[in-house]
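Enquirer: predicted structure and sequence below. I'll ask about it afterward.
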Amino acid sequence: MATEHLYLVTYDVSDPKRLRRVFRTLRGYGDWVQFSVFQCRLGPLRHRRLITELSSLIHQKEDQVLIFPLGPVKSTPVRVASIGRAFEPISREPVII
């Protein structure tokens, strides 16, 4: 079985309709940590699928998705250093205007 890796995914999408689609897609792949930020545990196949799905949703010249690899899940403990308010994972539905 392929090793899962931890990824931090951020996005900046200019159109509200595309923004909602990107958000819903990412909810299927990971945990929502902050506005426009997800933490995803992905094997190679799911990583490729995510990139393919997101590529088809965004406008290539207006939007941006950044995917930061953090390392293998087994050897990458999830730590969050917070400056200011304490970090609390988001557990409510998003408000998209």
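Expert: Received the coordinates, thanks. Just so it is clear, the structure is predicted and the values come from calculations on it, not from any experiment.
Enquirer: quick check: bridge partners of Q34?
Expert: In this entry, Q34 is beta-bridged to V37, by DSSP bridges.
Enquirer: each with direction, which strands does the host helix or strand of L70 pair with?
Expert: Using DSSP states H and E, L70 sits within strand 64-72. Here strand 64-72 is paired, per DSSP bridges, with strand 5-12 (antiparallel).
Enquirer: chain center to the partner strand, what's the gap?
Expert: 4 Å (CA atoms, centre = their mean, to the nearest Å).
Enquirer: list the buried ones in it?
Expert: Going by neighbour count (16 or more other CB atoms under 10 Å), the buried part of strand 5-12 is H5, L6, Y7, V9, T10, Y11. For glycine as for every other residue, the C-beta is placed from the backbone atoms N, C-alpha and C.
Enquirer: residues in contact with that strand?
Expert: 19, 22, 26, 29-30, 36-43, 47, 50, 54, 58, 63-73, 76, 78 (CB atoms under 8 Å, 6 or more residues apart in numbering).
Enquirer: go again using 6 Å as the cut-off
Expert: 22, 36-38, 40-42, 64-70, 72-73, 76 (CB atoms under 6 Å, 6 or more residues apart in numbering).
Enquirer: from those, which would you call buried?
Expert: Counted by 16+ other CB under 10 Å, those give V22, S36, V37, F38, C40, R41, L42, V65, I67, V73 as buried.
Enquirer: give me the helix or strand of this protein that scores worst on average pLDDT.
Expert: strand 30-34 (a mean of 91; mean pLDDT, DSSP states H and E).
Enquirer: about what we covered before: with distance to G84 as new columns, can the buried residues of strand 5-12 be given to me in TSV?
Expert: As requested, the buried residues of strand 5-12 are exported to TSV (distance: CB to CB, whole Å):
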residue	distance to G84
H5	29
L6	24
Y7	24
V9	22
T10	18
Y11	22
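Enquirer: wait, which of those residues is closest to A86?
Expert: Closest approach to A86 among these (CB to CB): T10, at 20.7 Å.
Enquirer: which of the buried ones among the contacts of strand 5-12 sits closest to E88?
Expert: V37 (13.4 Å).
Enquirer: what sits up against the lengthiest helix in the chain?
Expert: Longest helix in the chain, counting residues (DSSP state H): helix 44-57. Defining contact as CB under 6 Å, 6+ apart, one finds that helix 44-57 is touched by A2, R21, V22, T25, Y29, V65.
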